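Here is the input, now give the coordinates:
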Amino acid sequence: MLYSALLVGAALASKAAAACTREQLEAATAAYVAAQAAGNPSISSLALAENVTYIENDEPTDIAKGVISTPITVDFNRSLHDTTQCATFTEISAATKEKYVISTRLLFTDDKITTIQSVVANDGDWAFNATGQLYWTKQEKWDPIPEDKQDKREVIQAAGDAYLDSWGDGTVKAPYGTPCARLEGGSYTGSGRPTANTCFMPEFPKPFKVENRRYVIDEVLGGVGIFNDFPFIDAKKPNGTSSTNFIRVEGGQIRYIHEVTVCSTRNCGR
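You can find the predicted model right below:
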């Protein structure tokens, strides 16, 4: 009887472990990008749950009225695949026709997308420049990291958290690599010099704390996508506006940072 119970338990554990594979998540992000390009969230290869939740810039939105229902020429995209959480993060760059930078988090249950959460930046948002963003993101190398050199997910998340925490507490030392480059909107701080560390951020006026953090972590790419509420920057939303940080970590150190921040008024009223 015990042996049978153990077999059942092992089978369930195996099923749970196999419930979300990298291949499935990669297919899902490819389908999502295709759906965004077509402006059709019901595209046949996009497996939506019947009660899928769609959230845009932290506001629950009718999916038929969201940006995903607007055809966009996708010039470049890059995704993270988190098999531990069954979640993905995709950054879409659109500059040649429509002008957007879109960060999207997909959450899955039983192979179905239950939540689509997007931060959608366009003209008037903080430091927005679609042409610059597209140019610089295409220069970066986010190649898969050899398995024996991959950081654990806790290390990757800790690096991203330290970066965000350092904004409000100068005693927190973020693990910047050399080189390290930051892409904020369309502005790039990378100099191309192999010894350059151009990611450092000065401490913001207190009180300052980045809250409501939601993570997607991919050990293979050393990446973490962090949805968060960025305080201070938006004059009309001092407690926090929709923002994402997309970070590459190599050997425990930050190599790339992308920041996208949405404004309630042009340039966040600054």
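
Now the element after the lowest-mean-pLDDT helix or strand in the chain, going C-ward?
The least trusted helix or strand in the chain, going by mean pLDDT, DSSP states H and E, turns out to be helix 2-17, with a mean of 38. Moving toward the C-terminus from helix 2-17, the next helix or strand (DSSP states H and E) is helix 22-38.

Which element, helix or strand, includes F89?
F89 belongs to strand 87-94, assigned by DSSP H and E.

Show me what that strand is packed against.
If you count contacts as 3 or more CB pairs under 8 Å, 6 or more residues apart in numbering; DSSP states H and E, strand 87-94 packs onto helix 22-38, strand 76-82, strand 100-109, helix 130-139, strand 211-218, strand 223-230. For glycine as for every other residue, the C-beta is placed from the backbone atoms N, C-alpha and C.

Any idea which of these gets closest to K173?
For those, the distance to K173 is smallest for strand 223-230, at 17.8 Å, taking CB to CB.

and the angle from the closest one to strand 211-218?
170 degrees (axes from the mean of the first three to the mean of the last three CA atoms, to 10 degrees).

Please put the alpha-carbon coordinates of strand 223-230 into PDB.
Taking C-alpha atoms only, strand 223-230 is exported to PDB below (Å, rounded to 0.1, in the frame of the first residue of the first chain):
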ATOM      1  CA  GLY A 223      17.900  37.300 -17.000                       C
ATOM      2  CA  VAL A 224      15.300  38.700 -14.700                       C
ATOM      3  CA  GLY A 225      12.300  40.900 -15.700                       C
ATOM      4  CA  ILE A 226      11.000  42.900 -12.800                       C
ATOM      5  CA  PHE A 227       7.600  44.600 -13.000                       C
ATOM      6  CA  ASN A 228       7.500  47.300 -10.300                       C
ATOM      7  CA  ASP A 229       6.000  50.600  -9.200                       C
ATOM      8  CA  PHE A 230       8.600  53.300  -9.800                       C
END
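
Any idea how many residues pack against Q139?
Counted by other CB atoms under 10 Å, the residues lying close to Q139 total 11.

Could you check how far the nearest residue to R266 once chain neighbours are set aside is from Y135?
Counting by CB to CB, 6 or more residues apart in numbering, R266 lies nearest to G124, which is 4.2 Å off, once chain neighbours are set aside. G124 sits at a distance of 20 Å from Y135 (criterion: CB to CB, to the nearest Å).
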